[in-house]
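Asks: Next comes the sequence, and after it the predicted model I'd like to discuss.
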Amino acid sequence: MSNKPISPKDGPVAVTGSAGYIGSHIVLTLVKQGYEVRACVRDVNRLTNVAHLSAMNQIGPGSVTLHACDM
């Protein structure tokens, strides 16, 4: 087993609860570090809850895509 940490080149990272306070800060940190983030939210069409996540694509070098997921 390898103890090597993951890096942006290892593939996308899924973050559940992305629309929440802690989740959105995790997404922001990952985007700033160059990760491709799959942001899991309840409703991708509810712009009042997800617009800040989409706006993170302007911060880059990483990117965010929204995915509907209700756990």
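Replies: Received, thanks. A quick note: this is a predicted structure, and the numbers were derived from the prediction, not measured.

Asks: elements contacting the helix or strand of the chain with the lowest mean pLDDT?
Replies: The weakest-scoring helix or strand in the chain, judged by mean pLDDT, DSSP states H and E, is helix 47-55 (a mean of 93). Judged by 3 or more Cβ pairs under 8 Å, 6 or more residues apart in numbering; DSSP states H and E, helix 47-55 is in contact with helix 21-32, strand 36-41, strand 63-68. All C-beta spots, glycine's among them, are computed from the backbone N, C-alpha and C.

Asks: Go through the longest one and flag the buried ones.
Replies: When you say that, I think you mean helix 21-32. 23, 24, 26, 27, 28, 30, 31 (16 or more other Cβ atoms under 10 Å).

Asks: where in this protein is pLDDT low?
Replies: Filtered on pLDDT under 70, the chain yields the residue ranges 1-2.

Asks: Please verify my assumption that residue 19 contacts residue 53.
Replies: Yes: the pair residue 19 and residue 53 qualifies as a contact (Cβ atoms under 8 Å) at a distance of 6.7 Å.

Asks: okay, now residue 63: neighbour count?
Replies: Residues near residue 63, counting by other Cβ atoms under 10 Å, number 16.

Asks: I figured it hits residue 31, correct?
Replies: Yes: counting by Cβ under 8 Å, residue 63 touches residue 31, with 6.9 Å between them.

Asks: any shared contact partners between the two?
Replies: 37, 57 (Cβ atoms under 8 Å, 6 or more residues apart in numbering).

Asks: name the element the closest residue to residue 8 other than its chain neighbours belongs to?
Replies: Closest residue in space to residue 8, ignoring its immediate chain neighbours: residue 34 at 4.1 Å, by Cβ to Cβ, 6 or more residues apart in numbering. Using DSSP states H and E, residue 34 falls within no helix or strand.

Asks: circling back to that earlier point, buried residues in the least confident helix or strand of the chain?
Replies: Neighbour-count burial for helix 47-55, counted by 16+ other Cβ under 10 Å, picks out 49, 50, 53.
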